[in-house]
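Asker: Starting from these lines, generate the structure:
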Amino acid sequence: MDTALQPTLQPDVQRLLDEHSSRELLRLVVVGSVDDGKSTLIGRLLYECDGLFEDQISAVRRASAKRAATRTEGVPPEVLAQGLRAAAGAEEEELDFSLFTDGLRAEREQGITIDVAYRYLSTSKRKIIIADTPGHIQYTRNMATGASTADAAVILVDARLGVLPQTRRHAYIANLLGIPYLAVAVNKMDLVGFDRATFERIGSELADFAHTLGFEGVRLFPVSASRGDNITRPSARTPWHEGGTLLGWLESLPHQRRLDNAPFRFPVQYVLRPHQDYRGLAGQVASGTVRVGDEIQVLPSGRRTRVAGIDTFDGPLEEASAPASVTLRLADNVDASRGDVLAHVDEPPLALQQLDAMLVWFGEQPLDPSRRYLVKQATRTAPAQVERIHWRMELEDLSEVPAESLALNDIGKVRLVVRRPLLADPYRENRRTGAFIIIDALTHDTVGAGMVLGPAETGVKGAVESSLVDAAERSARLGQSGAIVLLPQARDAASKAFTLERRLFDQGRHVAVVAGDVEVALALAGAGLVALVHAEAPQVRRALRAEARDAGVAWLKLDAAEELAPQVERLFNPRESSK
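Answerer: Model (predicted):
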């Protein structure tokens, strides 16, 4: 290139780069039952938006004409030969747009999508990453993978077949994964003569289903992916449709909530120690923003420190936001390893050993509550067991059916018990830290994908309420009411707890020491005892108060500056009781 031209070209190149980087990114997933035309729709979008190279278009033209010629059986040889000769110059409508996305040889041979294919396009208003997911029921796990990061979904329905069970399953999974916006594209309208009644019947059925699930926004489009009707340009064959085009809807969607606005979460992947003078924690910022000097805590230990530095391959940073991959240097040499999570002190995640979750089952063998599984969440892997299956979702009418197991592609609510606490958030609040997978401990196959709902219901309130002995009778017999006492944080908290227990017991009080177990503390308080709880982790201390309040149990948090025993006596004196 003539170097004299570079000064005039450089501003134009920079302007184009600036314009491209300023466009908002939309992550889109296209779902639906098998042969509904998902790959064809995506291929049409790429073609219309100039998202393809000329050599790709030429190759698909040749493949389309060859496929069209060789598919026909009983056609005279001279006609087939004529079709092959026409391969190099196939017209636009003869293009098989699905070939732009069906990249695997098995996909092209079978005419189906097997793996998730990602494609990229850019319009004047937006950048879009499209996930083309398989429709076959045996590949539902691949569909869930493609939908797990999407901001919007397009669900296709064959106008000839209507809404199928797999269509409902995909819509439910899309909603379960937190996708707020859904477009219903009734495809192959050209094969039903662009009949308005057919479109309205199918669209109404699926739209009602989607609204019941709780999508924020649902739009309907009558389309023909092979012919391009209502994809990027309004179709003259549907004058009765006033809802615009699919591309116009994608460009108009509101900007999605950014990960860097969520609470800071940093799952530790690896501890870097190249020499004795350097120690850093490497990983990816899952959500939020961290800055040099921020006070953070290492969980689950609860140890506090500050961020001394943020290092990257390109040099140090003053701050890092999701999804940046960085190495954090801490001011203190606190113990931290893979699987731990760094978070700001005032916004810690939940520490869950018993949790309720929604589960999509992928395993060929049904879920067996007696079988051992592994839960992998962020960078932490822990042995787990399914303690209870609350219910299985019946997709036909969205009813919750009692179940003892989950079969392939079933969706249900379960209670999990994990050996090591998961440091997580509810999935609806944070996708990155609220998602996990289930692994078979024997075969190491991935058999399920889960979304954290929150801590498991303890059942303590229900047990007390159903008892034949009420709280007043217990109080009269014991001479006291049940309560939870949270002891001050200290290095010798356990020793002080047992000393206080001995003193109160000698005074005739019914007390017991609990080491940070919320469920045990609630059970003891429900039985009329005073639970003396010592806990280091802030999230456990916070959960204790919330659970006690919800259970209607008396609560007292002791002040380290005062003597402990007189403070506890307030619980046994109704006139001085704090609550």
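
Asker: going forward, measure contacts and count neighbours with C-alpha atoms only.
Answerer: OK.

Asker: I'd like to know how far the residue lying closest to Phe498 once chain neighbours are set aside sits from Asp492.
Answerer: Distances taken as CA to CA, 6 or more residues apart in numbering put Val513 closest to Phe498, at 6.7 Å, once the chain neighbours are dropped. Relative to Asp492, Val513 is positioned 14 Å away (criterion: CA to CA, to the nearest Å).

Asker: okay, those two: which has more neighbours?
Answerer: Neighbours of Val513 and Asp492, each counted by other CA atoms under 10 Å, are more numerous for Val513; the result is 18 against 9.

Asker: tell me the mean pLDDT for whichever strand or helix holds that one?
Answerer: Under the criterion DSSP states H and E, the helix or strand holding Val513 is strand 511-514. The pLDDT scores in strand 511-514 average 90.

Asker: can you start the count at 45 instead of 1 from here on
Answerer: Yes, from this point I'll number from 45; that puts the last item at strand 555-558.

Asker: Tell me the strands beside it, with direction?
Answerer: strand 574-577 (parallel) (DSSP bridges).

Asker: after the strand holding Val557, next one along is what?
Answerer: For strand 555-558, the following helix or strand on the C-terminal side (DSSP H and E) is helix 562-570.

Asker: That following helix packs against which elements?
Answerer: Judged by 3 or more CA pairs under 8 Å, 6 or more residues apart in numbering; DSSP states H and E, the packing partners of helix 562-570 are helix 504-509, strand 527-530, strand 555-558, strand 574-577, helix 582-595.

Asker: again, 10 Å this time
Answerer: In terms of contacts (3 or more CA pairs under 10 Å, 6 or more residues apart in numbering; DSSP states H and E), helix 562-570 is packed against helix 504-509, strand 527-530, strand 555-558, strand 574-577, helix 582-595, strand 598-601.

Asker: if we can go back for a sec, what's across from the residue nearest to Phe542 in the sheet?
Answerer: Residues found in beta-bridge contact with Val557 (criterion: DSSP bridges) are Leu576.

Asker: Looks like it contacts Leu548 (just checking).
Answerer: No. With contact defined as CA atoms under 10 Å, Val557 does not count as touching Leu548 (11.4 Å).

Asker: Find residues that contact each of those two.
Answerer: Between them, Val557 and Leu548 share the neighbouring residues Phe542, Val574, with contact defined by CA atoms under 10 Å, 6 or more residues apart in numbering.

Asker: Distance check, the residue nearest the centre of the chain against Gly494.
Answerer: With distances taken as CA atoms, centre = their mean, the residue of the chain nearest its centroid is Arg475 (3.6 Å). Counting by CA to CA, the gap from Arg475 to Gly494 is 11 Å.

Asker: any common contacting residues for these two?
Answerer: Counting by CA under 10 Å, 6+ apart, the contacts common to Arg475 and Gly494 are Leu221.

Asker: list the contacts for Ser268?
Answerer: Contacts of Ser268 by CA under 10 Å, 6+ apart are 81, 84-85, 88, 202-203, 229-235, 238, 274-275, 279.

Asker: beta partners of it?
Answerer: Residues found in beta-bridge contact with Ser268 (criterion: DSSP bridges) are Asp273.

Asker: where does it land on pLDDT?
Answerer: pLDDT, the model's per-residue confidence, is 95 for Ser268.

Asker: if we can go back for a sec, worst mean pLDDT among the helices and strands packed on helix 562-570?
Answerer: helix 504-509 (a mean of 38).

Asker: relative to helix 562-570, how tilted is the first helix or strand past it going along the chain?
Answerer: Per DSSP H and E, helix 504-509 leads on to helix 515-522 as the next helix or strand towards the C-terminus. Orientation of helix 515-522 against helix 562-570 (axes from the mean of the first three to the mean of the last three CA atoms, to 10 degrees) gives an angle of 70 degrees.

Asker: Restrict helix 515-522 to CA atoms and write it as CSV.
Answerer: What follows is helix 515-522, C-alpha atoms only, in CSV (Å, rounded to 0.1, in the frame of the first residue of the first chain):
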residue,chain,number,x,y,z
ALA,A,515,-44.9,-23.0,72.4
ALA,A,516,-46.7,-21.8,75.6
GLU,A,517,-46.6,-25.3,77.1
ARG,A,518,-42.9,-25.7,76.3
SER,A,519,-42.2,-22.3,77.9
ALA,A,520,-44.2,-23.2,81.0
ARG,A,521,-42.5,-26.5,81.4
LEU,A,522,-38.9,-25.2,80.8
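
Asker: What lies in contact with that helix?
Answerer: 508-509, 523-526, 552-554, 570-573.

Asker: which SS state does Gly87 fall under?
Answerer: Secondary structure assignment for Gly87 (DSSP: H, G, I helix; E, B strand; the rest coil): helix.

Asker: wait, isn't it in contact with Ile275?
Answerer: No. Taking CA under 10 Å as the contact criterion, Gly87 and Ile275 are not neighbours in contact, 11.0 Å apart.

Asker: shared neighbours of these two, anything?
Answerer: Counting by CA under 10 Å, 6+ apart, the contacts common to Gly87 and Ile275 are Ala269.
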